[in-house]
Every structure is written in structure tokens, then in C-alpha cells.
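Provided below are the primary sequence and the corresponding predicted coordinates.
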Amino acid sequence: MAMKKPYSSSSILFHQLPPLILISILILCFSQESVSSLNNNNTNLEFRQPAAAVVSSLRLARIQKHLHNINKPPLFTIQSPDGDVIDCVHKTKQPAFDHPLLKFHKIQRVPPEMPKGMMRMAAETEDSSSNSSRGVRQTWHEKGRRCPKGTVPVRRSTLHDVLRSKSLYDFGKKKSRYTPAAAAAARRPDAPDVVSGNGHEHAIAYTTASGEVYGAKATINVWDPSIEVVNEFSLSQIWVLSGSFDGSDLNSIEAGWQVSPELYGDSRPRLFTYWTSDAYQATGCYNLLCSGFIQTNSRIAIGAAISPVSSTGGSQYDVTILIWKDPKLGNWWMGFGDSTLVGYWPTELFTHLADRATMVEWGGEIVNSRANGEHTSTQMGSGHFAEDGFSKASYFRNLEIVDSDNSLSSARDISTLAENTNCYNIKNSYNNEWGTHFYYGGPGKSPQCT
């Protein structure tokens with residue numbers, strides 16, 4: 001359902017209520033706990049939404065103020081079949097421009113210079129033979145709705161979205177102790193202990209050659225891995241990194257797909273982005289949940305569900321992600337599919353990435369909270385180990401990097417890392433059709449993974 005007005009008359013009245021009355025209504029509306037069921041791979045994951053009745057009026061007021069800041073007034077609203085509300089916000093009013101470093105930033109109107117070899121590679125991989133795969137779409141497009149020209153689609157955040165998070169400060173952020181896998185490997189020889197100590201486990205490939213990196217690209221198989229508990233997630237992404245791996249100035253730009261019940265309230269795979277300029281401490285966030293990323297596309301909603309998903313022994317679906325530094329103006333752009341520009345991270349946001357990247361990672365990550373004192377059964381990728389191969393194990397194909405000449409080339413000098421191969425593993429290879437590629441993933445908890 002589409003609405004031409006951003007709010008109904010009752011919604012406008014609601015927003016005009018005095019704060020104390022508004023808080024009382026919120027407490028009344030959310031005093032009963034609601035139970036949501038997450039259906040994933042025929043497994044029902046039930047979790048309780050936090051009840052506002054047990055939340056202080058001061059915290060509710062802070063949450064409402066935050067939601068007011070990030071949910072910009074839309075010119076048009078689209079109700080997605082999956083329950084999401086997509087607000088079409090004027091491009092100059094999007095959350096990015098609340099960032100103090102972007103107050104006077106002008107949206108880049110000159111198209112970025114695409115990496116050399118981009119169209120050639122797209123043509124070569126357009127028609128696969130025996131290992132056939134297809135692209136995906138976003139769920140909110142199913143009824144043919146689109147945001148008008150001059151606006152950008154923003155997934156609306158809700159009170160329950162925030163209440164599922166540990167705190168308002170943590171909403172939309174990775175934990176500050178989080179360390180990218182290969183970054184930890186570069187810092188310490190006993191990488192598994194370092195990386196898994198904060199509950200994050202990986203199966204990743206990463207660049208080992210020293211030198212300048214200006215971007216990365218890959219095509220990522222899309223699945224809907226099952227999640228054991230609400231505060232765990234499973235994702236598959238690209239990391240573009242620079243800075244000190246053992247300090248507080250690590251810069252990271254990230255994009256891919258993830259299943260995160262805590263962040264989104266369901267078990268659907270969703271397109272996501274992330275950025276930080278201080279090792280996940282105070283800067284950056286997922287998607288558009290804080291100021292920073294500037295969206296330029298009116299058809300792609302970051303944080304929205306993608307479909308269809310791959311099935312074991314059946315059709316395979318994937319998404320192509322490209323992140324690269326525009327040699328013209330220095331901004332880091334994101335491409336989706338073969339030729340769709342989504343938007344960019346302004347160079348002003350970064351310190352080390354203002355110049356270049358020094359490492360790229362591709363792969364999967366899960367959170368293992370050991371809720372019952374045992375390893376989680378949260379799946380990575382498809383839930384199959386790498387050796388199960390095509391149509392069973394999840395894959396990354398056509399791994400490429402962008403060099404100082406803004407040219408794409410196959411990522412040949414890579415290493416792989418998996419902390420616990422009894423739970424999740426990775427196997428890389430090379431051929432003419434898929435270039436550098438790998439299969440990865442696993443089921444988590446099993447007799448061998450405890």
C-alpha cells in the first residue's frame with residue numbers, strides 16, 4: 001500500500017502531543033509483550049519483544065527523540081509485503097547530512113569513474129554454464145512500487161527495533177570489541193583465540209600482498225541461514241580496511257547480506273552496509289541508522305530484504321557487490337549488481353581510508369553467544385561445509401581488487417582463515433569462469449562442534 005502523504009492526520013496529531021502524554025500512550029500500547037516467530041529452514045525461532053512497560057519514561061523519551069532524528073519526513077511511503085515501511089525521503093534530507101563533517105557537503109553529481117574492466121567482467125560472467133546462478137531483487141519492489149525521482153528509500157526504524165538492542169547507544173552498531181578476522185590474524189599468530197574471544201567466528205579469504213588497494217568486488221551466493229538466538233547473526237560480506245589493527249584508528253567499509261533478528265526483527269536475508277573510522281568504537285553504523293553514507297539511488301533500500309534465496313540442490317541466487325574509491329573526487333562508492341550505483345561514503349568520514357585501503361576480506365561471519373553453554377547452531381552461509389560444493393555450500397565468486405590505476409583484476413594473492421573448522425570452514429580455488437572463488441560455511445553445533 002502506498003500513501004501520498006507522509007503521515008495520516010492521526011499520525012500528525014500523535015506527533016504533536018506533549019512528551020509526557022506521548023510516553024504514557026507508548027507505555028499503554030506496548031505494555032503487553034508480543035511474541036514474534038522467525039521461520040527459517042523449517043525452524044521456528046521465538047523471541048519476546050521487550051515490553052515498554054518495563055522501560056523508564058526517560059528512556060522512552062530518548063528513544064523517541066532518536067527515532068525522530070533518523071526517520072526523516074517522507075514525501076512518499078511504501079508498505080512492503082514483508083512488513084517493512086519504506087520512506088521515500090528527499091535526497092537532500094537523508095540522515096547522512098546530520099553528520100558534522102558533512103554539513104556543507106554537496107551530493108556528488110559527477111558520475112564516479114567506474115573501474116576499468118567492470119563491463120568486460122560483467123559480460124563474461126553473465127551467462128554461466130553448468131554452475132548457473134541468478135540475481136535477486138528486493139522484497140519491497142514486489143507490488144511494483146518505487147520511490148519517486150529525487151528521493152531515496154529509507155527503511156523506517158521502530159520502537160521495537162531499538163528495544164531489541166542492548167541499549168540506545170548500541171542500536172545499529174557492531175560491538176566495540178569487534179575485530180575483523182584477517183586484521184586479528186595480521187596482529188597475532190594465535191588469531192583463533194583473539195578473534196573468537198568476542199564471540200565472532202569467521203570463514204574468510206583476505207589479501208596478503210602488501211601495497212595499495214582502492215576497492216574490491218565479488219559475487220555472493222544468497223541463503224537464509226538459521227539463527228539460534230535473537231542476539232546472534234549470520235552475514236556474508238566484503239570488508240575494505242586500512243589503519244592500525246591493534247589500535248583505535250582502524251577504518252572499515254563493509255557491504256553484503258545478513259540475517260540479524262536483533263537488528264531487523266525477522267530472519268530474512270537483507271542487503272546491508274557498515275562503516276567505522278575508529279575500530280568500531282564511536283563512529284559508524286549499519287545502513288542508514290546514523291549519518292555518514294550518502295545514498296543516490298531511488299530503487300535500492302539498504303537494510304531491506306532480498307529475495308529469492310538459494311535452495312539446496314536447486315536454483316542458486318547471488319548478488320554482486322563492488323566497493324571502490326572514485327579517482328575523481330576520492331569518495332568510496334558502492335555498486336550493486338552489474339551496473340547499479342547505490343551511493344557513497346564521503347572521504348571526509350575517514351582518516352586512513354581517505355587515502356587508500358591496505359587489506360580486503362571476503363567471507364562469512366556469525367556470532368556465537370554460547371547461550372546454553374554450548375556452541376551455537378547458528379548457520380554460516382547455507383549451513384553446509386565448503387566441501388559440499390555448488391548448490392549445497394555457499395560461495396563467493398569472481399573475487400577482484402581495484403588497483404591504483406582504477407583497474408579491476410582477479411585477487412590472486414589471498415589466504416584463508418577459519419577459527420574452528422569443525423564448525424565452519426572455507427576452501428578456495430580458481431578457474432576461468434569464476435576466477436578466484438571459494439566455498440565456505442557450516443552448520444555450527446554438532447557432535448564435532450561443541
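Looks like it came in fine.

can we go C-alpha only for contacts and neighbour counts from here?
Noted.

now do the SS call for the nearest residue to residue 175 once chain neighbours are set aside.
Leaving aside its sequence neighbours, residue 175 sits nearest to residue 280 (Cα to Cα, 6 or more residues apart in numbering; 6.7 Å). Classification of residue 280 using DSSP: H, G, I helix; E, B strand; the rest coil returns coil.

also residue 232?
Classification of residue 232 by three-state DSSP places it in coil.

quick one, what contacts it?
By Cα atoms under 8 Å, 6 or more residues apart in numbering, the residues touching residue 232 are 260, 261, 262, 366, 367, 368, 369, 378.

now that we have these, which of them are buried?
Listed as buried from these are 260, 261, 262, 366, 367, 368, 369, 378; burial here means 16 or more other Cα atoms under 10 Å.

was I right about the fifth one contacting residue 174?
Spelled out, it's residue 367. No. Using Cα atoms under 8 Å, residue 367 makes no contact with residue 174, being 11.0 Å away.

any chance you could map the strands in the stretch 351-450 of the chain?
Remark: strands assigned in the stretch 351-450 of the chain by DSSP state E, counting those that start in this stretch are 359-367, 394-402, 408-410, 414-418, 425-431, 435-441.

out of these, which comes closest to residue 207?
strand 414-418 (4.5 Å; Cα to Cα).

quick one: strands adjacent to that closest one?
If you go by DSSP bridges, strand 414-418 pairs up with strand 200-207 (antiparallel).

give the rounded mean pLDDT of the strand it pairs with.
Per-region confidence: strand 200-207 scores 96 on mean pLDDT.

just checking, what packs against the helix or strand following it?
As assigned by DSSP states H and E, the chain's next helix or strand after strand 200-207 is strand 215-221. Applying 3 or more Cα pairs under 8 Å, 6 or more residues apart in numbering; DSSP states H and E, one finds that strand 215-221 makes contact with strand 234-242, strand 318-325, strand 394-402.

let's see that with 6 Å instead.
strand 318-325, strand 394-402 (3 or more Cα pairs under 6 Å, 6 or more residues apart in numbering; DSSP states H and E).

what helices or strands is the first one leaning on?
For strand 318-325, the elements it packs on are strand 215-221, strand 332-336, judged by 3+ Cα pairs under 6 Å, 6+ apart.

closest to the centroid, which residue in the protein?
The structure's the chain has its C-alpha centroid closest to residue 272; by Cα atoms, centre = their mean the separation is 2.4 Å.

if you average pLDDT over the helix or strand that that residue is a member of, what comes out?
Assignment of secondary structure by DSSP H and E places residue 272 within strand 270-276. Strand 270-276 carries an average pLDDT of 98.

dump it to CSV, keeping only the CA atoms.
The C-alpha trace of strand 270-276 is given here as CSV (Å, rounded to 0.1, in the frame of the first residue of the first chain):
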residue,chain,number,x,y,z
ARG,A,270,19.0,-8.3,3.9
LEU,A,271,21.3,-6.1,2.0
PHE,A,272,23.5,-4.1,4.4
THR,A,273,26.4,-1.7,4.7
TYR,A,274,28.6,-0.7,7.6
TRP,A,275,31.4,1.8,8.2
THR,A,276,33.7,2.9,11.0
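
how far off strand 318-325 does that strand point, in degrees?
In terms of direction (axes from the mean of the first three to the mean of the last three Cα atoms, to 10 degrees), strand 270-276 departs from strand 318-325 by 20 degrees.

just after strand 270-276, pick out the following helix or strand.
Trace forward from strand 270-276 with DSSP H and E and the next one is strand 294-295.

give the other helices and strands that the very next helix or strand once past that next one contacts.
Sequence-wise, the next helix or strand downstream of strand 294-295 (DSSP H and E) is strand 306-307. Where contact means 3+ Cα pairs under 6 Å, 6+ apart, strand 306-307 is packed against strand 137-138.

contacts for whichever helix or strand comes after the strand it packs on, please.
Downstream of strand 137-138, the next assigned helix or strand under DSSP H and E is strand 151-155. Defining contact as Cα atoms under 6 Å, 6 or more residues apart in numbering, one finds that strand 151-155 is touched by 85, 86, 87, 88, 89, 90, 91, 298, 301.

can you do 8 Å?
With Cα under 8 Å, 6+ apart as the test, strand 151-155 has contacts from 75, 84-91, 94, 147, 288, 295-304.

okay, now the sheet partners of it, with direction.
Strand 151-155 has the following strand partners under DSSP bridges: strand 85-90 (antiparallel).

distance from the chain centre to the partner strand, please.
Centroid separation for strand 85-90 versus its chain: 19 Å, with Cα atoms, centre = their mean, to the nearest Å.
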